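[1] Coordinates only, no sequence provided:
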């Protein structure tokens, strides 16, 4: 990626810049991602931690337990509540950005579907994209 990409929350208080290419875009069908997104799945744009820079406001966070038994720090705008990213303890050195917070989402294309055992029956997973009943490696 030759240029940085920027994003932020709905109210504009929290802003960030991504300074390198992402590692992957994962569609997660676990029940926690469904709850967090208020939809049938959540998405995580996995990026190297050193390439993610907050540029405006300091977001709030809370920690929850993942199905893996490890913790996940969930980071959001204190003002509007938009989830910006999360840091799973299972993935040190990376940040999982919520890709819908990017200013330009037109270039996004998922690489993988996880936790498809919890997939809503009406969601179709393309056959040419790897999918896993649980989290890969679990």
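    Sure, I can see it. Remember, it's a predicted structure, so these values are computed and weren't measured experimentally.

[2] what's near enough to touch residue 47?
    By C-beta atoms under 8 Å, 6 or more residues apart in numbering, the contact set of residue 47 is 18, 20, 22, 23, 94, 95, 96, 97. Placement of C-beta: from N, CA and C, glycine included.

[3] try 7 Å
    The contact partners of residue 47, by C-beta atoms under 7 Å, 6 or more residues apart in numbering, come to 18, 22, 23, 94, 95, 97.

[4] go on, residue 29?
    Contact analysis of residue 29 by C-beta under 7 Å, 6+ apart lists 41, 113, 114, 115, 116, 118, 119.

[5] Mind checking which of those residues are in helices?
    Judged by DSSP state H, the contacts of residue 29 include no members of helices.

[6] Select only the buried ones of those residues in ChimeraX?
    Only the buried entries of the contacts of residue 29 go into this ChimeraX selection, using 16 or more other C-beta atoms under 10 Å:
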select :41,113,114,115,116,118,119
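
[7] Taking the contacts of residue 29, tell me the two that lie furthest apart.
    Using C-beta to C-beta, those reach their maximum pairwise distance at 113 and 118, which is 11.0 Å.

[8] ok, the contacts of residue 47 vs residue 105, which is closest?
    Distance ranking of these against residue 105, using C-beta to C-beta, places residue 97 first at 11.2 Å.
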